[in-house]
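Peer 1: model this:
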Amino acid sequence: MLYRIVLLVILVASGALASPAGAIAQKSPAEIKKMLQARDAEIKRILGNRESFTDQQRQTLKDLVNGIIDFEAMGSRALGPHWDPLSPEQRKQFVDVFSDIVRNQSLSNLDVYRSPVTYGEITVTGDSARVQTSTIYKDVPARVEYTMILRNGGWHVSDITLDDVSTVGGYARSFQSVVRKKGFDALMSSLIKRRDKDKSKTS
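Peer 2: Numbering: from 1, shown residues only. Okay, here's the model as predicted:
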């Protein structure tokens with residue numbers, strides 16, 4: 001499941017929607033698409049045809065890729081009824097570890113970010129939006145839909161649906177099952193072990 005979200009993050013990376021500092025996010029579909037296309041061009045510009053990257057280039061790519069996800073929104077929905085009883089400290093720990101896992105793996109395959117992205121229908125309702133896109137990676141087409149929320153002046157992803165399979169739904173089944181059977185601490189222990197294992201591979 002953790003690998004699945006990394007793949008989805010990679011597929012959506014070209015559609016990073018966090019607005020630049022000081023900018024006011026627009027709510028019209030046309031403006032959202034404009035932001036998507038601008039970020040897509042920026043990612044592909046950094047990638048170019050090069051095989052190796054400086055530390056600064058890798059950090060910039062990492063920031064662009066992970067800046068699209070509202071990990072708190074995604075994590076709270078994944079935990080469902082088990083989110084509300086958590087203390088602020090527990091919520092922060094969960095979100096931090098959850099996001100670390102994805103960040104540690106987000107640049108594991110840079111070639112994926114070169115995949116072409118086609119933008120479909122974009123619908124905006126208040127402070128939420130749905131963006132339909134398609135992409136092709138290694139000759140395999142995929143339909144990717146993003147559920148987005150407007151927060152802190154920028155658009156961020158709160159769920160990613162790949163070929164009708166929801167990322168949050170998958171995490172909800174996995175995380176909530178562990179919490180019901182073994183408790184929240186057991187889930188955190190498992191996630192921390194995964195994070196530390198992934199970190200040791202990249203250090």
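
Peer 1: Where does pLDDT dip in this structure?
Peer 2: 1-26, 202-203 (pLDDT under 70).

Peer 1: Spell out the residue ranges of the helices in it.
Peer 2: Using DSSP state H, the helices of the chain run over residues 2-12, 29-47, 55-66, 71-79, 88-105, 167-182, 184-202.

Peer 1: quick check: angle from the longest strand seen in the chain to helix 167-182?
Peer 2: Longest strand in the chain by number of residues (criterion: DSSP state E): strand 140-151. Going by axes from the mean of the first three to the mean of the last three CA atoms, to 10 degrees, strand 140-151 is angled at 80 degrees with respect to helix 167-182.

Peer 1: Mind listing what's buried along strand 140-151?
Peer 2: Neighbour counts over strand 140-151 (16 or more other CB atoms under 10 Å) mark V144, E145, Y146, T147, M148, I149, L150 as buried. C-beta coordinates here come from the backbone N, C-alpha and C atoms, glycine included.

Peer 1: So the nearest residue in space to D164 that is not next to it in sequence versus V165, what's the distance?
Peer 2: Distances taken as CB to CB, 6 or more residues apart in numbering put R143 closest to D164, at 7.6 Å, once the chain neighbours are dropped. Distance of R143 to V165, given as CB to CB, to the nearest Å: 10 Å.

Peer 1: what packs against the longest strand of the chain?
Peer 2: Identification of packing neighbours for strand 140-151 by 3 or more CB pairs under 8 Å, 6 or more residues apart in numbering; DSSP states H and E yields helix 2-12, strand 128-137, strand 154-162.

Peer 1: 10 Å - rerun?
Peer 2: Using 3 or more CB pairs under 10 Å, 6 or more residues apart in numbering; DSSP states H and E as the contact test, the elements touching strand 140-151 are helix 2-12, helix 71-79, strand 117-125, strand 128-137, strand 154-162, helix 167-182.
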